[in-house]
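**Q** sequence unknown, structure follows:
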């Protein structure tokens, strides 16, 4: 019995239902472009926001009444795990994700931390086997404790680097043993507060060295999952090195890791980087580093990480277009890195928020499917680039021209290409028209 | 015959149509909460963006091929009017709106300007009577000419103030004679570029004096339309005095004009002010100054006025909730202060963009209707404030308490009110569920 | 003995000193335009950031080692007051400011809260009389406790409104008895998280009613200080009603309070509202509601309230121009509503940060003095508006024209005013040249 | 005789001068850390803003009266060159920079364009030899003409790619023959307006192919200058591929060009990317791609490219720290990519703006020199990272640890590193104290 035992299991009731605790769109077995909706989405609940935070913000304390808040003993940690798995199974989502620090009992030393993580690993193993819930990814929280105030791998103090190594080794090994499909590194404080006290070059080198160690260890222990970096431009630090997908890609190349590491893209982090979420997804596919999604939303007017549940399926549908076109998220999934609003103090709010978010995602996938089946968007794009399929364009792509020979050709042919309509408004209207609700 | 003669008239073809030049949602006679859709929306085409601009931006010249670009003679001005009314009637929208400078032939002096405006007024009169197209509002462009580089009513040079008076008198009188339902003042450069050369207090006083003159003149000539101010926080100036609805309200009160002047709210201007469009609408109703809408959208990542056509009906539906609840826009309407993207060089793009925008609005209204009929949102709000309908809340509202007596009551009753769920996620999901496509 | 006893008193050592714990610029008795530097600045330490917070952020716990963190007993509250006054006197600043909640022992009920505040009032009274430190302002924290999650005066629950009334009455009366020169209302959660659950009009009315009660009570008890509202656009809520100075002014007028209430302008809040700090200061003077300053800074790239200590005197010098021109801040002062960076874990950092901030302010005042004495800026401004001192401009200001007569004049005189240089670059260079370091 | 003949030559008059047309700080022969101030700065006037634009903005036409505005004949182009070199020599700056399109007579075809560029090259050659003014860099404007509405190298139409090749070949060869020290590619429209019509992967590949052609051609013709890319995140397009320095670095690596191409960092572009200018400079040095500077400023509140003249030397001084530490800008310089405000209509304003900007840079360099000589900042940084100079840190850097061995060490040693103060406020105060005015 947990505080989440009074609800569920959540069922699919169809579009006419007005029950906030039922799915109206998410029918997990519905087939979309040859694959089940549930398999496209690989829905994941985030332990951190949903079980280990309590509704505090920078101007006030926690408002949600959770029995395991405060100092976490092993007993409370176990009770929280009971509640979490109770919630997962009643919600009907197949995956969860965790940071080490949000699942274990509070620890005073690195040794105790590792012991507590082992204890929780055993509990998780049992619960996962009982419920069938799987682990999308694990990670180490190397940013909350005061020792990480100046970063973990980029800390000026090598002892912090070493401490983080111990913590990450434990976390990745636990993730491996629990069958986790990915291991995530969110560089929560890998960045700086001021350049005045920062050796940027050295910190970037240390960050690269740490990541190489993690990749080497992954192969050593035979972990087959994907290593993921999660881009974010700032907050809590003034500048975080993993700014966005393109920046991470440059960093990976610099360290020879672009085949080894992918990105975990968060909607709200894209917003903070002043990038559309769909841009980050397209860019990740273009660069070959698409990994997984933290599927939340930011407030378009607020300048900090609000981590709200998604609610606008049209916005998301354009990000799901490339996902459907590329056959899905691979080892990745849709992780609800989203937190209740501070005022959402009812136990039911946590269910309702996830249900609403999941239905939003289902709508986005169905709308993307409709756009793909409609074909007008893909046809317009193909027509726009048709010049590269033959003649001049094909020859340029094939490397048959130098600047010299191409310039000569332009002059000789007296080229004078006229602008062609980009049809943006028409294409936007097709997206609108294909929305499913 | 104009360049717009090959298309239309645009018809309603229903949701399954894939014709970009047909309405899929906008059935103007469809009854929504007792009023026709067309009457809720009062659709308006903006002369400025659609007929007097050519696709230039700060980094490049015009791309749209319009026969009347360049120096505008009376002949070209007339040809442009032919094309504009051709477009209005083929699109099937009932209103247009204009700035003086974008309809008349180029003028060298204030006298010539007034003469040219008279000539165009005659042409408009004839065309309006022939087509039935009506004038939502007129305005004077008192910001583009170099003389207005430092503002019009707030210019440090009183001669510019006087020049603007002459221009505005002509524009409001023409608007009056054409049966315009509103007269708009957009303070394009009423603001400053730097405080170092600005007497802010004096400029605000001059601005107030000018507005009082306009209101006095309106009554003198018997114009029954609404005077509107259009808030915008910045661009082209660094700071514009008409920042947002609440700021305008303060300015109106300061000048005793809060019963005389209302606001013309633009979506993109709200975005630039870092305010949700629905906030501006709610605020205008709360303050009693709701006037009309410039219905476009900005890019949420760009920091300038992109004036795009609306395409996300869910975002707009929440702004239409108060509009439907208040019985509509009164003398206002939905003016497409939106411009084609620079690459949208086809003549058809202008039709398709308006059609898409209109269907987006229609979807927004239908979705707002669904939310209202669903009742859950209104019920939740009523329940949340129920404490003010009786007892303590009612007595406070009735002024029965002072700080002293209320404080005494709180202490005596040992009040300890617990937070109640704001149910934000549940309410957001109701909005999503009620969307119509 | 407190943790702050090892430093100070901080002395003025002059510009060549490299001692981080000495003033290089702030010579409090130096005369600037006829008044002492210390009297222009009226420096104030904020109890909240400097003694009642501990270096936590949204991603990690406290890093500063303060003996009174955690649950605050009466004993710890007293120890904290000892440390605070130790710090004030060693730093040599004449004022402090406080929220009720950050000075008192933790309380479970409203009655206990009031008792604890009375106890602290006695302690403060004694310490103030011993040290000569004065109270710039007091306030009530009506936003941190979960009961205020949905606001205080704008809470949907009238019992919260009543609770806040009791808390504010106690705070303003304590402030009065301590000789506070102002009483501040920061509407920390007077706003909304979503319009979907908000009756905006009703909340604004309740907010106005509350403010009227406070003003009425102020007069009743004979408090001669100034009531201040502190504008902020958002954070923690999505939208705060006290957005900026102009918005607050509109609200005050609406409630007939524009002669009763002034603004406490915070630099970082101006930044969040996308307004220059100097704009807010100029606007407050123009509207007659200049009250006091929360003198910190935001990071220009971050979208949240970073509350950093000021460090750029050139930026501040232009805001001090109108302050010097208007004869100073009246009952207001410069309150360091600024917090140490989370990594600044040394006790000395708190001293050094204040010293640096104070020297920055001193530089800003000396630079503003230099600009005023230089006269070029004022002369340029006077010349720019000279047209309003006689002839047409004077007659317009005197109300001698209507729109009609002014338009007739413009046409008859065939006015064609040419743009005149705004000289922005030249004026900016004068500001740069007048900087003092 | 040109419109710029009445002023100058501008002289150094020292800090007490109040002449807006004299240098107060910029004494070009003053020795700073062993090199002359003029050699550190390598000052450059931008032809584009200062001679080929006229004060227009998106809401109004040109306000500056320049005799060569409008359709540019060969005669006007020559007159403009006369005026430009008149200005350069009277201002006393050693370099200029140009886009092909802003110097040549208007051309209708690619052939005519190349002819006109040759004519201007001859004129420039003569003027450069007469005056000693040198060319910092040349570039091709491949973004203003309608043909480039959808980009140049990333245009969907291969004919545009070819046209751009012809234009760039001509521009780089002219730059080479004029002894230009760099060649810049600003990807003005290399990006997209909407992903809906964009094949992002293909466009990135084309962009890479084009850049490789340019580099290959540079070597072929023996050009020894540096090829530079100029990062900008958006505007005019919604998204530009050359977002910021780190993104450009990733792109260069992907195309094997990281040893061949560097960055031209613009202050205002950094601001638009929500990055501090000093961050971009530090990052470019850290990645080995520091090239040159476009030294302007943006308004911190505006979301578009305002290209203002620099006026805050403190902000710039921290960016000059790494420049001085690395021995200077190499082939790069400080290019005033800055435009007068639209109201600055006097001819003298152009002189005064450059003078003010140059003095601001001089102040920044002198302040950076003072910070370096002061040593406290460098010492604090060295102390902070001292742990990497020996023992554990040195061994980690030397690759002596794996994740396994390092984790074992942490556990065995029971590491528990405490946070150390980052001293941010103290370091900021040192920067403030070292400012020179």
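**A** Arrived safely, thanks for sending. Only a predicted model underlies this, so the values are computations on that prediction, with no experimental measurement involved. Numbers count the residues shown, from 1 in each chain, chains lettered A, B, ... in the order given.

**Q** Whichever residue of the stretch 251-400 of chain A sits closest to chain C: what's its closest spatial neighbour, skipping adjacent residues?
**A** Closest residue of the stretch 251-400 of chain A to chain C, C-beta to the nearest C-beta: residue A:303 (1.1 Å). In this view, the C-beta of every residue, glycine as well, is placed from N, C-alpha and C. Leaving aside its sequence neighbours, residue A:303 sits nearest to residue C:303 (C-beta to C-beta, 6 or more residues apart in numbering or on different chains; 1.1 Å).

**Q** neighbours around the one you found, how many?
**A** Other residues within reach of residue C:303 by the criterion other C-beta atoms under 10 Å in any protein chain shown amount to 22.

**Q** again, but for residue A:397
**A** 17.

**Q** likewise residue A:376?
**A** Residues near residue A:376, counting by other C-beta under 10 Å: 17.

**Q** wait, isn't the residue nearest to residue A:303 in contact with residue A:299?
**A** No: the criterion here is C-beta atoms under 8 Å, and residue C:303 misses it with residue A:299 at 10.2 Å.

**Q** circling back to that earlier point, could you check the pLDDT of the residue nearest to residue A:303?
**A** On pLDDT, residue C:303 comes in at 94.

**Q** give the contact list for it.
**A** Neighbour list for residue C:303: A:272, A:302, A:303, A:304, C:272 [criterion: C-beta atoms under 8 Å, 6 or more residues apart in numbering or on different chains].

**Q** Now the buried members of the residues you listed.
**A** Among the contacts of residue C:303, the ones that count as buried by 16 or more other C-beta atoms under 10 Å in any protein chain shown are A:272, A:302, A:303, A:304, C:272.

**Q** Which single one of those residues is nearest to residue D:121?
**A** Nearest to residue D:121, judged by C-beta to C-beta, of the buried ones among the contacts of residue C:303 is residue A:272 at 46.8 Å.

**Q** Secondary structure class of the residue nearest to the closest one when sequence neighbours are not counted, three-state.
**A** The shortest distance from residue A:272 to any non-neighbouring residue, by C-beta to C-beta, 6+ apart, is to residue A:233 (5.3 Å). Secondary structure assignment for residue A:233 (DSSP: H, G, I helix; E, B strand; the rest coil): coil.

**Q** Count the residues that sit near residue A:233.
**A** Count around residue A:233 with other C-beta under 10 Å applied: 25.

**Q** Verify the stated contact: it with residue A:243.
**A** Yes: in this structure, residue A:233 is within contact of residue A:243 by C-beta under 8 Å, at 4.7 Å.

**Q** got any residues that touch both of the two?
**A** residue A:273.

**Q** what's near enough to touch residue A:312?
**A** Contacts of residue A:312 by C-beta under 8 Å, 6+ apart are A:297, A:360, B:312, B:314, B:315, B:432.

**Q** could those residues go into TSV alongside secondary structure?
**A** Below are those laid out as TSV (three-state DSSP):
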residue	secondary structure
A:297	strand
A:360	helix
B:312	coil
B:314	helix
B:315	helix
B:432	helix
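
**Q** Scan these and report the most crowded one.
**A** residue A:360 (26 neighbours).

**Q** Hmm, that residue is touching residue A:317, no?
**A** No: at 10.0 Å, residue A:360 and residue A:317 do not qualify as touching, with contact defined as C-beta under 8 Å.

**Q** Counting neighbours, what do you get for the residue in chain A positioned nearest to chain D?
**A** Closest contact between chain A and chain D, by C-beta to the nearest C-beta, is at residue A:250 (2.6 Å). Residues near residue A:250, counting by other C-beta under 10 Å, number 25.

**Q** Leaving out chain neighbours, which residue sits closest to it?
**A** Looking at residue A:250 with C-beta to C-beta, 6+ apart, the closest residue is residue D:250, at 2.6 Å.

**Q** For residue A:158, give its distance to residue A:214.
**A** Distance of residue A:158 to residue A:214, computed by C-beta to C-beta, to the nearest Å: 17 Å.

**Q** Around chain C, pick out the residues from the stretch 251-400 of chain A.
**A** Residues of the stretch 251-400 of chain A lying close to chain C by C-beta under 8 Å from any C-beta of the partner chain are A:272, A:299, A:301, A:302, A:303, A:304, A:305, A:341, A:342, A:343, A:345.

**Q** of all these, which comes closest to residue B:36?
**A** Nearest member of these to residue B:36, counting by C-beta to C-beta, is residue A:301, at 33.9 Å.

**Q** Test my guess that the closest one contacts residue C:234.
**A** Yes: counting by C-beta under 8 Å, residue C:234 is a contact partner of residue A:301 at 7.0 Å.

**Q** between the two, who's got more neighbours?
**A** Under the neighbour definition other C-beta under 10 Å, residue A:301 and residue C:234 were set side by side, and residue C:234 has more, 23 against 19.

**Q** ok, the residue nearest to the more buried one when sequence neighbours are not counted - how many residues close by?
**A** Leaving aside its sequence neighbours, residue C:234 sits nearest to residue C:240 (C-beta to C-beta, 6+ apart; 5.6 Å). With neighbours defined by other C-beta under 10 Å, the count for residue C:240 comes to 27.

**Q** before we move on, what about residue A:34?
**A** Neighbours around residue A:34, by other C-beta under 10 Å: 7.

**Q** Briefly note if stretch A:327-346 comes near chain D.
**A** No: against chain D, stretch A:327-346 shows no contacts by C-beta under 8 Å from any C-beta, the least distance being 15.8 Å.

**Q** residues in contact with the residue of chain A closest to chain D?
**A** D:246, D:247, D:249, D:250, D:251, D:253.

**Q** list the buried ones in stretch A:285-305?
**A** Buried residues in stretch A:285-305, counted by 16+ other C-beta under 10 Å: A:285-287, A:289-299, A:301-305.

**Q** residues from the stretch 301-437 of chain A in reach of chain B?
**A** So the stretch 301-437 of chain A meets chain B at A:301, A:309, A:311-315, A:340-341, A:343-346, A:349, A:352-353, A:355-357, A:359-360, A:363, A:374, A:376, A:419-426, A:428-429, A:431-433, A:435-437 (C-beta under 8 Å from any C-beta).

**Q** Whether stretch A:282-292 contacts chain B - can you check?
**A** No: under the criterion of C-beta under 8 Å from any C-beta, stretch A:282-292 makes no contact with chain B; the nearest approach is 14.2 Å.

**Q** Outline the domain layout of chain A.
**A** A:11-374, A:387-433 (automatic domain parsing).

**Q** first to last residue in the first one, what's the distance?
**A** Same thing as domain A:11-374. 30 Å (C-alpha to C-alpha, to the nearest Å).

**Q** Was I right to think the residue nearest to residue C:234 contacts residue C:190?
**A** Yes: Residue C:240 is within contact range of residue C:190, at 6.3 Å (criterion: C-beta under 8 Å).

**Q** which of the residues in stretch A:256-265 are buried?
**A** A:257, A:258, A:260, A:261, A:262, A:263, A:264, A:265.

**Q** could you measure the third one against residue A:284, distance?
**A** In this structure, residue A:260 and residue A:284 are 15 Å apart, going by C-beta to C-beta.

**Q** Go through the host helix or strand of residue A:373 and flag the buried ones.
**A** Using DSSP states H and E, residue A:373 falls within helix A:347-374. Of the residues in helix A:347-374, A:347-372 count as buried by neighbour count, 16+ other C-beta under 10 Å.

**Q** Quick one, grab the pLDDT at residue A:31.
**A** pLDDT, read off for residue A:31, is 98.

**Q** How about residue A:262?
**A** Reported pLDDT for residue A:262: 98.
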